[in-house]
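Participant: please find the sequence and the predicted model below.
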Protein chains: 2
Amino acid sequence: MANFSPLIDELIEALRCLPGVGPKSAQRMSFQLLERNRGGAERLANALQRAVDQVGHCRSCRTLTEHEECRICSDSRRDSSTICVVESPADVLAFEQGGDYRGLYFVLMGHLSPIDGIGPEELGVDRLLERVKTLSVQELILATNPTVEGEATAFYLAEEMRRLGVSVSRIAHGVPLGGELEYVDSGTLAHALKGRQRFE
Amino acid sequence: MANFSPLIDELIEALRCLPGVGPKSAQRMSFQLLERNRGGAERLANALQRAVDQVGHCRSCRTLTEHEECRICSDSRRDSSTICVVESPADVLAFEQGGDYRGLYFVLMGHLSPIDGIGPEELGVDRLLERVKTLSVQELILATNPTVEGEATAFYLAEEMRRLGVSVSRIAHGVPLGGELEYVDSGTLAHALKGRQRFE
């Protein structure tokens, strides 16, 4: 890939660090920016640099933030007796968009994955345990992804929490609203059946 | 879209200037970069800034380059009696990857589009005419895209060149190699029929 001028080749190569961007898209992006949107390219360069320099992890919940403590953790109106454990900051946003949850979060920034060397330490489980004790948390909601790794992580955390005598729950898995049964995979259907509740 | 911390929101917004990147992809890209690839993000910020600062147009063929004259125009081994006119720098690369063409290029950086205020001046047609005269070009190959605008641009340039007495050709349109006839659109098939050549 040494076909345009060096700087353009470098830009194309650099754009490929974005997830889902292959050589052709990177090329298209480079030309689009250089031909039609240099202002946007400059803003993007700035935003990237500032985010890399300033964004770190919230000291309480580990989500990404440029402050010491994130907006949710520093909001005194949130119910600190409940912590919802998620895998990524995007999951926090998903719950917040629902608007029903008023407790706090803890962001693992991943899931247990021994092959990749990601154990409890990398997920900040120590900090979670400490937090549960400090805040006298009543309930820990496990909202890791319904994948093999997510389930394993949930299982591990549940064990740890039971030792502390904290009540642990797992979000419900089942048929999504608006979904049609015939298109739902069998694993989800099995979960939906197993988790059925009395119709009242 | 003011849901994460301001810097992260800004980064997500800035990423949307990339073609084909919507709010969800921009969010995923931001987290991916901040969680797992800060080095890549920094390289990208740098590459963008340097490209915006230094990349301009080749004074001879108008393609994007950080030099006064691009690699191809400054290569004395190229045949300066032929100029291939294309719409974008990516088209130059496409021809170069074929490897058969040894002449020069002229990059219009677009096509005639009166509605968008893009006329001959914006496409640098003056410079093309001047170049054709200076280099005593024998043949001008029109390789604009086979779209309505590309055809109109080719037609316009052909008229201009005929006035100068320069021979003008248009690249062939037809069934692509490896294509199956049943999946080829009717316009292309009509072109392929019209442009048929004696089988020898």
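Facilitator: Received, thanks. Numbering: from 1, shown residues only, chains lettered A, B, ... in the order given.
Participant: for the rest of this, base every contact and every neighbour count on C-alpha atoms.
Facilitator: OK.
Participant: and the nearest residue to A:Leu44 once chain neighbours are set aside, which of the three is it?
Facilitator: Leaving aside its chain neighbours, A:Leu44 sits nearest to B:Ala14 (4.9 Å; criterion: Cα to Cα, 6 or more residues apart in numbering or on different chains). At B:Ala14 the chain is in helix, as set by DSSP: H, G, I helix; E, B strand; the rest coil.
Participant: wait, B:Ala14 touches A:Gly40, no?
Facilitator: Yes - judged on Cα atoms under 8 Å, B:Ala14 makes contact with A:Gly40 at a distance of 6.9 Å.
Participant: quick check, pLDDT for A:Ala2.
Facilitator: Listed pLDDT for A:Ala2 reads 47.
Participant: domain ranges for chain A?
Facilitator: A:8-54, A:79-170 (automatic domain parsing).
Participant: longest strand in chain A, please.
Facilitator: strand A:79-86 (DSSP state E).
Participant: for chain A, which residue gets nearest to chain B?
Facilitator: A:Ala45 (4.1 Å; Cα to the nearest Cα).
Participant: how near is the residue nearest to that residue when sequence neighbours are not counted to A:Val52?
Facilitator: Excluding its sequence neighbours, the residue lying closest to A:Ala45 (Cα to Cα, 6+ apart) is B:Ala45, at 4.1 Å. Remark: distance between B:Ala45 and A:Val52 (Cα to Cα, to the nearest Å) = 10 Å.
Participant: one more: A:Asp100?
Facilitator: 32 Å.
Participant: one step back: wait, what's in contact with the residue nearest to A:Leu44?
Facilitator: With Cα atoms under 8 Å, 6 or more residues apart in numbering or on different chains as the criterion, the residues that contact B:Ala14 are A:40, A:43-44, A:47.
Participant: got a winner among those residues for most neighbours?
Facilitator: Sorting those by how many neighbours each has (other Cα atoms under 10 Å in any protein chain shown) puts A:Leu44 first, at 25 neighbours.
Participant: helices or strands up against the helix or strand containing A:Val132?
Facilitator: In the assignment (DSSP states H and E), A:Val132 maps to helix A:125-134. Helices and strands touching helix A:125-134, as assessed by 3 or more Cα pairs under 8 Å, 6 or more residues apart in numbering or on different chains; DSSP states H and E, are absent.
Participant: ends of stretch A:92-105, what's the gap?
Facilitator: End-to-end distance (Cα to Cα), stretch A:92-105: 7 Å.
Participant: apologies, that question was intended for stretch A:104-122.
Facilitator: 20 Å.
Participant: pull out the buried positions in that stretch.
Facilitator: Residues of stretch A:104-122 classed as buried by neighbour count (16 or more other Cα atoms under 10 Å in any protein chain shown): A:104-113, A:119-120.
Participant: cool, thanks, talk later.
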